[in-house]
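Peer 1: Generate coordinates for the sequence data below:
(chains A, B and C)
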Amino acid sequence: MTIVSPELQSRYGKPARIVAIVGAAIMVFAPMVPWVYTGKILDDMRRAFDPSGLQILFELVALVLLGVLVTSMFGVKLGKYKNVVAWNSTALAASLGGLGYIAAIVLAVAVVGSQKGLGGLAAAEPGLWIALAGSVIASAGSVFLRKSPRATLAKVPSPAWVQILALVAVVAMVLFMAAFAVNLTEVESFLVCCVFIVAAVFVFRATGVMGWLSIATANNRKVLMLAAFAAAFIFPATQDGSDANMTVVAQVLIFAGTALGLNIVVGLAGLLDMGYIAFLGAGAFTAAVLSRSAYATFSIDLPFPVVVLISGTVAALFGLLIGSPTLRVSGDYLAIVTLAFGEIFRITMVNLDGTDGPNITHGSNGIPAIPNLDFFGFDFGKSHEIFGITITRQANYYLLLLVVIAIVIAVFANLNHSRIGRGWVAIREDEMAAEAMGVNTFTLKLLAFAGGAFLAGMVGAVKAYKDTSVTPDQFVFLESCFLLSAVVLGGMGTVMGVLIGATILKLLPEKLRFFDDYRMLIFGALLVVMMRFRPEGIVADERRQMEFHDEDEELADEVEEELVTHHDLLNPEGGK
Amino acid sequence: MDVIIEQCLNGLSLGSLYALIAVGYTVVYGIVQLINFAHGEIFMVGAFGSLTIWLLAGSPTDMSIGFALGVMLPLMVIGGIIFSVLTAMLTEKIAYKPLRSAPRLAPFISAIGISVFLQELVRLFYGQIPGFPDARNKIKYPTITGISGASVDIGGVQLKMTTVFILCALAICTLFLWFYINRTKVGRAMVATSQDQMTARLMGIDVDHVILSAFAVGAGLAAVAGIAQGLYIGDIGYKMGFMAGMKAFTAAVLGGIGNINGAVVGGLVLGVVEAFASQLGDTAWKDVWAFVILILVLVFRPQGIMGAKVVDRA
Amino acid sequence: MVKTEYAKAVIAATHTEDRSVLLEASNVTMQFGGLTAVDDVSLSIRNGEIVGLIGPNGAGKTTFFNCLTGLYKPTAGQVRFRGELLPPQPRNVVKAGIARTFQNIRLFHNMTALENVMVGMYCRTKTNAIDAIFRLPRHRREERECTEKARRWLSFVGLEGAENHLSRNLPYGDQRRLEIARALATEPGLLLLDEPTAGMNPNETREAEDLIFKIRDLGLAVLVIEHDMRFIFSLCDRVACLVRGAVLVEGPPSHVQADERVIEAYIGAPQDDEDGE
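Peer 2: Numbering: from 1, shown residues only, chains lettered A, B, ... in the order given. Sure thing, here's the model as predicted:
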């Protein structure tokens, strides 16, 4: 953020830092006094010296900001990397200041907006204004701080245990934030929390913490995966036996799992599939039809893993069918073909009702009353107590889905980092050249379709049991659009991106109920805006990013530099 | 025999609708190689635009035939066209133009976004305007004296006036289109651009303007189709664009995408086939067959039945 | 020197002075509608031989190339490689042992140099989806070997330090080398180079010449299309001159160089533009 010219910065840098520190100190103090006069909104900010959850978040920000500003007076030197880690890199301070500021503003607006009965801004207590003033002062001061030329943490080498510790801390923080955000019941608080998260991410990026973390991740992939899954497994414990949030989170997982499957087709192989929901449907219907439901038409009592495999296989066969035109059709035409297949699937499921066709699916009524899973006496339909933690019905399915998602992610990542993944990239880049270099393009494209479909089919099988009923109207074209949006929004070709995209697309509408009616409108606009300004998605796969910004030479140089340093850091001796 | 003629007429009316929409796909595709996924919604906007004019005119119900055909209908047609064309041009400027040099995936996804956005815009906000009906459900389309419900008896065959209207509309539009493409400067520039965009640009053609015109022309015809659909079926809704758009796209592909005459022929053929198919078989599978045809044509004969130019889509 | 098993095998083949016919194109004709681009061309290439293909623009050189790589199926005539008829589809031709580069460089430009070469190895590696998904030992071993081999091919063409550079960021000359490395990675018996020195300065051209000799020393046969006469005559064992789709002269460089018809074909009647690929 260079709002102020370098001359001004060097002239007023020192007094500005004092100002910023004062501002930060005020921010630290602010949460200690009441912010709002009523407890009805923004959790409970009435009491002095007893900050609410949200206030604690603000307190954390303020403390970090204060710490950074104070240490920057002395300049922290990390070994020989003192130039690299210039803590007075104002990017950090300024963005942090900005964060507090933005959050406070949003908060104030939320207060005004929701206070028709309580007298609008009159409901605000001094604490709110103190926080606002503090953040303004801190931001104003920090923009005068000089930015060090290469203020990035990314290149600081660190011992493995520091990296692992940091990763675990990050995962724990994410878990805490997720639990906190999901448990917020009022819309305003949730919004403030979202602003906070987004701002925090920006700060991390600006200061190079993200870059450093990505290197730490590359070094300790397994540790991160384990920590992330451990955190995800612990998550139900934060819900205190309540089913409400687990329902939403389980839905997010189903959506994310399917979107990851789609990401193989779209993100890796570069084929646009607009009928993808049909694979989820094929899996769900297969599982439903085979289940012990009274309405199931082929009721066979099979163990669940077998059912999952069958569902996946049926979907994969369907995927082969849909993928077969890729021999002759590509690009937008392929997208239309897949769309048509998707619609044919849905209409067929409606028509297999006994009057227009053989009775398999009971038409638009679908197959209801699918009994809960029973795993070696573990009834998924009941709540269980494990170590004093109540695992509800939805939580049971949530845990099962986690296992499925783990499989999906493993398949995705392992395929991507193999000769098959390289073949897909080659096809995306130049199909003819790939073919001329001996890459079997048709088989690879079919594999993408079948593999993605298999995964979606597996997820579909779990969905059938979790929802207890399967109907054709769950698999409309719009859902395919949503899946595509999740992939595009999150970042084609990335796991993390799609998880984030799926969470945003499923969680936000659930938490922001008022927004539910407008979500389609917003997603439509979002697709257009994303394509215009950031077609590579929130979390960009570097290669995809370059493909979308073909003429951007700077970007290519940046990525390359990163590749080379990355490589050097990973193999300190071997690289040269 | 009468049944056959009747189904023929039904098919031709339906086919004319498809043809009018298909032209929009084909013109745009011919010039920028983009499947304008939002074109179905432009058609829907046209229908709602004409309805808006009628509502603004005070929702006249018992119109004299002269007023209905001489004033109201032309006003509605012009209004619908204006709404559609403006929407299409705006869409082009906002969603497609900035993505000219991006990979093909980008404008296509953008088009999907626009499609969803327009549907939702109409669904959520049309009814919010005071005095306007709620668009969340289907809306009954106004009856125009002399067309809606009227029919003439020709040798025992009931010829619906709506059919006459649609066929006339198609004929007029085709003539207009022929004139526009072959006898105007912009039209010739369009042909040139569709052959070779780079050369056209070098020859001093304002390619951006040509592309915008292509969107506008397609939108105008789609608006006419929207009105025709309202009169023919009797109701309109925010979802009407999806299925109609898909079928029209099928028609465009059937006729050879990029080929305007092909789009018209493709539309008529598809309409007649569909009419007879639903006469013979059950209606439950009707849409499935349309999609099957679409897939088969895309896979086995992407250059269409007219076999115009082979488009390399790799 | 690259010491892959493949290279060893190829070298062994060379050292036994195996000069048998590798590729045999007989009476190849390629017509597009009414236009005959390649007219009854016969050409044979022996193991370890460098053959040049020259001719004015539009003579049908690239079309002939495309017939050899399976991109086009000749309207008449046949191509035999190692005694077998050329299989359909470019990918099968690559597998049979013919690799190529492109006139206008067609690298996967958002992949690193190393990855580009590894794509070339696709048809010589076997890990399937199951191996990859479960990270079976087979997959790991192959992946490791693949990386090693790819590094060796990069250093073979003189791109040691560039393995993590994106191919789009490489200088022009290096991109040409990388394309050759990628083609070599498919472990061919015959390498087809389509204007390998186009756009190069004399220095780079000399380096390219050395590289091609080095490739020949591995025991590969090379077929080169070129316009640079000095380059082709100093490089090739044999040169064929194509004019209007037909072979005008074929023989040792000195023979072709001296032929008046060749000079006439170049300087005499101007020709149409190259048909491209």
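
Peer 1: Now do the end-to-end distance for stretch A:272-281.
Peer 2: End-to-end span of stretch A:272-281 (C-alpha to C-alpha, to the nearest Å): 18 Å.

Peer 1: In chain C, what residue comes closest to chain B?
Peer 2: C:Asn110 (11.4 Å; C-beta to the nearest C-beta). Where you see a C-beta, it was placed from the backbone N, CA and C, and this is true even at glycine.

Peer 1: now do the stretch 101-250 of chain A
Peer 2: For the stretch 101-250 of chain A, C-beta to the nearest C-beta, closest residue to chain B: A:Val187, 19.1 Å.

Peer 1: does that residue really touch A:Pro509, like I thought?
Peer 2: No: if you go by C-beta atoms under 8 Å, A:Val187 and A:Pro509 don't touch, sitting 11.8 Å apart.

Peer 1: how many neighbours does the one residue in the stretch 351-500 of chain A that gets nearest to chain C have?
Peer 2: Closest approach of the stretch 351-500 of chain A to chain C (C-beta to the nearest C-beta) occurs at A:Gly438, with a separation of 3.2 Å. Using other C-beta atoms under 10 Å in any protein chain shown, A:Gly438 has 28 neighbouring residues.

Peer 1: And what about it, helix, strand or coil?
Peer 2: coil (DSSP: H, G, I helix; E, B strand; the rest coil).

Peer 1: How about the contacts made by it?
Peer 2: C:90-91, C:94-95, C:99, C:120, C:122-124, C:186 (C-beta atoms under 8 Å, 6 or more residues apart in numbering or on different chains).

Peer 1: quick one on the thing from earlier: checking my notes, the residue of chain C closest to chain B in a strand, right?
Peer 2: No: secondary structure of C:Asn110 (three-state DSSP): coil, not part of a strand.

Peer 1: tell me which helix or strand of chain A sits lowest on mean pLDDT?
Peer 2: helix A:90-114 (a mean of 59; mean pLDDT, DSSP states H and E).

Peer 1: Quick check: phi and psi at B:Ser64.
Peer 2: Note on B:Ser64: backbone dihedrals following degrees, to the nearest 10 are phi -70, psi 160.

Peer 1: Then A:Leu260?
Peer 2: Torsion angles, degrees, to the nearest 10, at A:Leu260: phi -60, psi -40.

Peer 1: which non-adjacent residue is nearest it?
Peer 2: Once flanking residues are discounted, A:Leu260 sits nearest to A:Val408: 4.9 Å by C-beta to C-beta, 6 or more residues apart in numbering or on different chains.

Peer 1: Count the neighbours of the one you found for me.
Peer 2: Every residue meeting other C-beta under 10 Å relative to A:Val408 is counted, giving 27.

Peer 1: my guess is it meets A:Gly452, correct?
Peer 2: No: A:Val408 is beyond contact range of A:Gly452, at 9.6 Å (criterion: C-beta under 8 Å).

Peer 1: what sits in contact with each of these two?
Peer 2: By C-beta under 8 Å, 6+ apart, the residues touching both A:Val408 and A:Gly452 are A:Gly261.

Peer 1: Tell me which stretches of the stretch 151-300 of chain A form helices.
Peer 2: Here the stretch 151-300 of chain A has its helices, by DSSP state H, counting those that start in this stretch, at A:160-183, A:187-206, A:209-219, A:221-234, A:243-263, A:277-290.

Peer 1: Output those as TSV; include the columns mean pLDDT and mean neighbour count.
Peer 2: Output for the helices of the stretch 151-300 of chain A, formatted as TSV (pLDDT from 0 to 100; neighbours: other C-beta atoms under 10 Å in any protein chain shown):
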stretch	mean pLDDT	mean neighbour count
helix A:160-183	84	16
helix A:187-206	73	19
helix A:209-219	78	18
helix A:221-234	85	16
helix A:243-263	90	25
helix A:277-290	93	30
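
Peer 1: shaky segments in the stretch 51-200 of chain C?
Peer 2: Counting by pLDDT under 70, not a single residue of the stretch 51-200 of chain C qualifies.

Peer 1: Please identify the helix or strand for A:Val462.
Peer 2: helix A:441-467 (DSSP states H and E).

Peer 1: what is the orientation angle of that helix with helix A:243-263?
Peer 2: 170 degrees (axes from the mean of the first three to the mean of the last three C-alpha atoms, to 10 degrees).

Peer 1: Just the buried positions in helix A:441-467, please.
Peer 2: Residues of helix A:441-467 classed as buried by neighbour count (16 or more other C-beta atoms under 10 Å in any protein chain shown): A:441-442, A:444-467.

Peer 1: near chain B, from the residues you listed?
Peer 2: Among those, not one lies near chain B by C-beta under 8 Å from any C-beta of the partner chain.

Peer 1: dump the residue contacts of A:Thr338.
Peer 2: A:272-276, A:322.

Peer 1: out of the helices of the stretch 151-300 of chain A, nearest to B:Phe291?
Peer 2: Proximity to B:Phe291 (C-beta to C-beta) singles out helix A:277-290 among the helices of the stretch 151-300 of chain A, at 12.1 Å.

Peer 1: Can you give the contact residues for the next helix or strand after the closest one?
Peer 2: As assigned by DSSP H and E, the chain's next helix or strand after helix A:277-290 is helix A:304-323. Contact partners of helix A:304-323, identified using C-beta under 8 Å, 6+ apart, comprise A:273, A:275, A:278-280, A:282-284, A:286-287, A:290-291, A:302, A:337-338, A:341, A:345, A:373, A:375, A:404, A:445-446, A:448-458, A:460-462, A:465.

Peer 1: Give me the neighbour count for B:Val45.
Peer 2: 30.

Peer 1: just A:Glu343 next, same as before
Peer 2: Neighbour number of A:Glu343 under other C-beta under 10 Å is 25.

Peer 1: Not counting sequence-adjacent ones, nearest residue to it?
Peer 2: Nearest one to A:Glu343, counting by C-beta to C-beta, 6+ apart, is B:Phe291 at 5.6 Å.

Peer 1: Secondary structure of A:Thr390: a strand, I assume?
Peer 2: Yes: judged by three-state DSSP, A:Thr390 forms part of a strand.

Peer 1: I'd say it and A:Asn396 touch.
Peer 2: No: assessed by C-beta under 8 Å, A:Thr390 is found out of contact with A:Asn396, at 11.0 Å.

Peer 1: Of those two, which one has the most company?
Peer 2: Regarding A:Thr390 and A:Asn396, a neighbour count based on other C-beta under 10 Å identifies A:Asn396 as having more, with 25 against 16.

Peer 1: Nearest residue to that one in space, please, no chain neighbours.
Peer 2: Spatial nearest neighbour of A:Asn396, chain neighbours left out: A:Phe380 (4.4 Å); criterion: C-beta to C-beta, 6+ apart.

Peer 1: Count the residues that sit near the one you found.
Peer 2: 21.

Peer 1: contacting residues around it?
Peer 2: By C-beta under 8 Å, 6+ apart, the residues touching A:Phe380 are A:372-374, A:393, A:396-397, A:400, A:465.

Peer 1: again, only this time at 6 Å
Peer 2: Counting by C-beta atoms under 6 Å, 6 or more residues apart in numbering or on different chains, A:Phe380 touches A:372-373, A:396.

Peer 1: I am finished for the moment; much appreciated.
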